[in-house]
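**Q** Take a look and give me a structure for this.
(2 chains)
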Number of protein chains: 2
Amino acid sequence: MEKKHFTFDELMQLETRFRASLINSLGGFKSVALIGTKSASGQTNLAIFNSFVHIGANPPYIGFISRPDSVDRHTLENLQTTGYYTINHLNESIYKAGHQTSARFRREQSEFDETGLTAEYRSDFWAPFVAESNVQLGVKFIHDVPLEINGTLLVIGKIEHIYFPPGSLSADGYLDLEKLGTVAGSGLDSYHTTQRLDRLTYAKPGVELQSVAIDYLE
Amino acid sequence: MEKKHFTFDELMQLETRFRASLINSLGGFKSVALIGTKSASGQTNLAIFNSFVHIGANPPYIGFISRPDSVDRHTLENLQTTGYYTINHLNESIYKAGHQTSARFRREQSEFDETGLTAEYRSDFWAPFVAESNVQLGVKFIHDVPLEINGTLLVIGKIEHIYFPPGSLSADGYLDLEKLGTVAGSGLDSYHTTQRLDRLTYAKPGVELQSVAIDYLE
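**A** Below you'll find the model as predicted:
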């Protein structure tokens, strides 16, 4: 297929925002979710991130990339200081409010108040969840890994609590994010609902793939 | 909202595959793409990954998480040895072939041959691209960061080449992955097309968000 081509040198010559938008598109669709924190003095904070990555299931770890100098600095400071944060999936009803959390609010402003999202406390967990979110994780900060290549941090946390609506978990452990309305992100500013093509069986050499049914638990 | 709740201890008591499926769902929708490599002796390899993460745009870096002991060991070995790999987006026509690359083929088998995908060479780049993929990245291996918490590796690469079809890049740098048919993944085995809700303007305190138009370049 005839394609457009950019080399590294051409990418480096692009205008900064153009390059940021393009490079952020190249990884494909990605998670966008809200990280909720509360400072030691009780000030809540909420910030959108799009750089989550699965680290492990046994035990359950999740990571995200944070810039030390970005608008999310209150998030990083709060979770490093208090040890806890929440990760809350976006859905169609709250993706605009979620995007608005990326505005540079002052430290004494809570993004919950500013965007109309509701702080919810569960299980005596320190950090606030987002009440309007269908999938909520309570995460304990483990450590951050500085990436010397550009000064970003890989923040690693242990999943201590998960919450999701009844009727969305399949008997084989698959959580139906599409049924729950979780949205996907692309680039820096684009939000998408999804339509499932299929679930596929565990791949084996020489064996044709089959569809996997979803058998919802109550 | 009434929700189901699992604590860390309850998650740890789940059957291994059930837990893997559930925990892999919790991060939200994610990139799924094919990594193409070629060994020093010329043997090609292709493997599906779902753990990509944006590391930076200036300069352009992309990361992914690899288990040292998993089916992707040929990928890791090849890119560490030769220094190069490709990342190729999945679309609706090739997601099943892409999933099939996760089968445990022998070292002397190429997943290109076994799944019917076509190795394509561009710009004298060492590693093979996937001809059927609309968005192709040529990546230079920089280094891997061992994550002591569970022995996985964060593999970091520099984006040296990008290829995509004409008419899909907007004048502001946004690449329209939805138009290109890039699919999103969820859990361990689920593939999804997308429908854009909106692109939203850069958020500022007290300013209402607007839609951002897409102005395709030729």
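**Q** Do a quick rundown of the strands in chain A.
**A** Ranges of strands in chain A, per DSSP state E, are A:4-7, A:30-31, A:33-38, A:44-49, A:52-57, A:60-66, A:84-89, A:119-120, A:129-130, A:136-146, A:153-164, A:184-186, A:190-199.
**Q** In JSON lines, list the ones you listed along with distance to residue A:111.
**A** Placement of C-beta: from N, CA and C, glycine included. Shown next, in JSON lines, are the strands of chain A (distance: least, Cβ to Cβ, whole Å):
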{"stretch": "strand A:4-7", "distance to residue A:111": "35"}
{"stretch": "strand A:30-31", "distance to residue A:111": "19"}
{"stretch": "strand A:33-38", "distance to residue A:111": "9"}
{"stretch": "strand A:44-49", "distance to residue A:111": "4"}
{"stretch": "strand A:52-57", "distance to residue A:111": "18"}
{"stretch": "strand A:60-66", "distance to residue A:111": "16"}
{"stretch": "strand A:84-89", "distance to residue A:111": "12"}
{"stretch": "strand A:119-120", "distance to residue A:111": "10"}
{"stretch": "strand A:129-130", "distance to residue A:111": "10"}
{"stretch": "strand A:136-146", "distance to residue A:111": "16"}
{"stretch": "strand A:153-164", "distance to residue A:111": "18"}
{"stretch": "strand A:184-186", "distance to residue A:111": "18"}
{"stretch": "strand A:190-199", "distance to residue A:111": "17"}
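**Q** want to throw the ones you listed into CSV with mean neighbour count, mean pLDDT and distance to chain B?
**A** Formatted as CSV, the strands of chain A follow (neighbours: other Cβ atoms under 10 Å in any protein chain shown; pLDDT from 0 to 100; distance: least, Cβ to the nearest Cβ, whole Å):
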stretch, mean neighbour count, mean pLDDT, distance to chain B
strand A:4-7, 16, 98, 5
strand A:30-31, 28, 96, 3
strand A:33-38, 28, 98, 6
strand A:44-49, 24, 96, 9
strand A:52-57, 24, 97, 4
strand A:60-66, 24, 97, 5
strand A:84-89, 26, 98, 6
strand A:119-120, 18, 98, 9
strand A:129-130, 26, 98, 10
strand A:136-146, 20, 97, 6
strand A:153-164, 22, 98, 4
strand A:184-186, 29, 98, 4
strand A:190-199, 20, 98, 4
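**Q** and of those strands, who's closest to residue B:207?
**A** strand A:44-49 (16.1 Å; Cβ to Cβ).
**Q** Give the other helices and strands that the closest one contacts.
**A** Under the contact criterion of 3 or more Cβ pairs under 8 Å, 6 or more residues apart in numbering or on different chains; DSSP states H and E, strand A:44-49 touches strand A:33-38, helix A:73-82, helix A:111-115.
**Q** Tell me which of the ones you listed sits most buried.
**A** Mean neighbour counts were taken over these using mean count of other Cβ atoms under 10 Å in any protein chain shown, and the top value, a mean of 28, falls to strand A:33-38.
**Q** what's the angle from that strand to helix A:73-82?
**A** Angle, strand A:33-38 to helix A:73-82, by axes from the mean of the first three to the mean of the last three Cα atoms, to 10 degrees: 50 degrees.
**Q** Return strand A:33-38 as CSV; C-alpha atoms alone will do.
**A** The C-alpha atoms that make up strand A:33-38 are tabulated as CSV, following Å, rounded to 0.1, in the frame of the first residue of the first chain:
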residue,chain,number,x,y,z
ALA,A,33,-9.2,7.0,33.3
LEU,A,34,-9.4,9.4,36.2
ILE,A,35,-6.9,9.2,39.1
GLY,A,36,-8.4,10.3,42.4
THR,A,37,-6.2,11.4,45.3
LYS,A,38,-6.4,13.2,48.6
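**Q** Could you give me the buried positions within stretch A:179-189?
**A** A:180-189 (16 or more other Cβ atoms under 10 Å in any protein chain shown).
**Q** from those residues, which is closest to chain B?
**A** residue A:184 (3.7 Å; Cβ to the nearest Cβ).
**Q** how about the buried residues of stretch A:179-189, which pair is most distant?
**A** A:180 and A:188 (24.1 Å).
**Q** Beta-bridge partners for the residue nearest to the spatial centre of chain A, please?
**A** Centroid check for chain A by Cα atoms, centre = their mean gives residue A:33 as the closest residue, at 3.5 Å. For residue A:33, the beta-bridge partners under DSSP bridges are residue A:49, residue A:89.
**Q** Hmm, residue A:47 and it touching each other?
**A** No: if you go by Cβ atoms under 8 Å, residue A:33 and residue A:47 don't touch, sitting 10.0 Å apart.
**Q** ok, the closest residue in space to residue A:101 that isn't next to it in sequence - contacts?
**A** In this structure, residue A:101 finds its nearest non-sequential neighbour in residue A:111, 4.3 Å apart by Cβ to Cβ, 6 or more residues apart in numbering or on different chains. Contact partners of residue A:111, counting by Cβ atoms under 8 Å, 6 or more residues apart in numbering or on different chains, are A:44-47, A:100-101, A:105, A:117.
**Q** separation between residue A:111 and residue A:118?
**A** Per Cβ to Cβ, to the nearest Å, residue A:111 is found 12 Å from residue A:118.
**Q** for residue A:52, same thing?
**A** Relative to residue A:118, and taking Cβ to Cβ, residue A:52 is found at 22 Å.
**Q** again, but for residue A:29
**A** 27 Å.
**Q** Compare those two (neighbour count), which wins?
**A** residue A:29 (30 against 12; other Cβ atoms under 10 Å in any protein chain shown).
**Q** Please tell me I have it right and that one contacts residue A:187.
**A** No: under the criterion of Cβ under 8 Å, residue A:29 is not in contact with residue A:187, lying 9.9 Å apart.
**Q** Need the overlap of contacts for those two.
**A** Common neighbours of residue A:29 and residue A:187 (Cβ under 8 Å, 6+ apart) are residue B:177.
**Q** related to what we said a few turns ago, out of the buried residues of stretch A:179-189, which is nearest to residue A:90?
**A** residue A:183 (5.0 Å).
**Q** Return the residues in contact with the closest one.
**A** A:32, A:89-92, A:95, A:191-194, B:29, B:197.
**Q** try 10 Å this time
**A** A:29, A:31-33, A:89-95, A:98, A:177, A:190-194, B:28-29, B:194, B:197 (Cβ atoms under 10 Å, 6 or more residues apart in numbering or on different chains).
**Q** With residue A:181 instead?
**A** Contacts of residue A:181 (Cβ under 10 Å, 6+ apart): A:89-95, A:133-135, A:193-194.
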